[in-house]
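*Asks:* have a look at this prediction, sequence included:
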Amino acid sequence: MLFWLAKALAELPSLLDIGGYIGISYYSYRNYLPYPDNLEWVVHDVPAVSAAGIEIAQHQDSRGLSFITGITSELRPHTVLAAGSLQFIEGNFSDLLSRMGTLPRKLIVSKTPLTELPDFVTLQDLGPAVCPYRIFNRAKFIQSIETLGYRLVDSWANSDFQCRIPFHPDRTVPSYSGLYFKQDN
């Protein structure tokens, strides 16, 4: 994932981080990637998380980092990163992308539960809360992105992440997936 992220940022350092929490990827990856001086790393998350991210960014070296709570037609990022967030979002990824003014040139999807089974929803126990957790059919997920004019360039498995559903071993996702797409034109 870092390989594709480094190439995308070097080409044009404009990134939308969907479900990026308080900027966790921004802060983590800067230890491994040289961030360009003109970096625009925009994190999209829910209002409470975005507010916390803004507060933290005020006390950190966070050049180029900003936060938003909605995806609108004013957004025109070169690259979209979705690292472990799409399973928590109610809408489809392709619908989120279609809300932007122009489609991003590159998409990096990471830590996403893809399976050969039909799409389904389970529950994620977060300790103080339980929330819906989506598991995607791999072929359907990829096709929904390709329909927008993207081509799948690379995919990888991340066996550090898996989903085991008690009493439903047939629904186990043994490793999560990463995908890298480019606009086909």
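*Replies:* Sure thing, it's come through. Numbers count the residues shown, from 1 in each chain.
*Asks:* do you know how far the residue of the chain most remote from its centre is from residue 122?
*Replies:* For the chain, the residue at maximal distance from the C-alpha centroid (CA atoms, centre = their mean) is residue 167, at 29.0 Å. Counting by CB to CB, to the nearest Å, the separation of residue 167 from residue 122 is 11 Å. All C-beta spots, glycine's among them, are computed from the backbone N, C-alpha and C.
*Asks:* for the most centrally placed residue in the chain, identify the helix or strand it belongs to.
*Replies:* Nearest residue to the geometric centre of the chain (CA atoms, centre = their mean): residue 82, 0.5 Å. In this structure, residue 82 sits in strand 79-83 according to DSSP states H and E.
*Asks:* how about the helices in the protein?
*Replies:* 2-11, 24-29, 47-57, 93-98, 138-146 (DSSP state H).
*Asks:* Throw those into CSV and include distance to residue 110, thanks.
*Replies:* What follows is the helices of the chain, written out as CSV (distance: least, CB to CB, whole Å):
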stretch, distance to residue 110
helix 2-11, 9
helix 24-29, 9
helix 47-57, 19
helix 93-98, 13
helix 138-146, 13
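*Asks:* do a quick rundown of the strands in the protein.
*Replies:* Here the chain has its strands, by DSSP state E, at 14-18, 40-44, 65-68, 79-83, 106-112, 114-115, 120-125, 130-137, 150-158, 176-183.
*Asks:* and residue 184, what pLDDT?
*Replies:* Looking at residue 184, its pLDDT is 79.
*Asks:* just checking, it touches residue 148?
*Replies:* No: with contact defined as CB atoms under 8 Å, residue 184 does not reach residue 148; the gap is 9.4 Å.
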